[in-house]
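J.: got a predicted structure here, sequence first:
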Amino acid sequence: MMTTKNAATCRWAVQTLLLEPPLWFDAWMYPWSCVRDGDARPLETTDDCRTCARWQPHGAAPHPIPPATLASR
């Protein structure tokens, strides 16, 4: 099965609203953030996800986000 490459299907992308403050305050302007390099980075556009060489589907491995980065809700 072919998976469309975008932020919603990438293991490295997370909804900014789910991140710890002050990161989630930017969720209105940047709905997605990339955690590929360890620190969450708000994405100005998700167009780059389609051509990202490090894109991987969600099921590729356990989610790499450190627990301290995600907000406890």
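T.: Thanks, I have the structure now. Numbering: from 1, shown residues only.

J.: flag the shaky bits of the protein, pLDDT-wise.
T.: The chain contains residues with pLDDT under 70 at 1, 60-73.

J.: could you redo the last one with a cut-off of 90?
T.: Filtered on pLDDT under 90, the chain yields the residue ranges 1-3, 38, 58-73.

J.: report the beta-bridge partners for the residue positioned nearest the centre of the chain.
T.: Residue closest to the average C-alpha location in the chain (Cα atoms, centre = their mean): A13, at 1.7 Å. Counting by DSSP bridges, A13 forms beta bridges with C34.

J.: so it touches C34, yeah?
T.: Yes: A13 lies in contact with C34 (Cβ atoms under 8 Å); the separation is 5.8 Å. The C-beta positions use only the backbone N, C-alpha and C, and glycine is treated the same way.

J.: quick check: neighbours shared by these two?
T.: L43 (Cβ atoms under 8 Å, 6 or more residues apart in numbering).

J.: please list all residues in contact with the residue nearest to the centre of the chain.
T.: Counting by Cβ under 8 Å, 6+ apart, A13 touches A7, W32, S33, C34, V35, L43, T46, C49.
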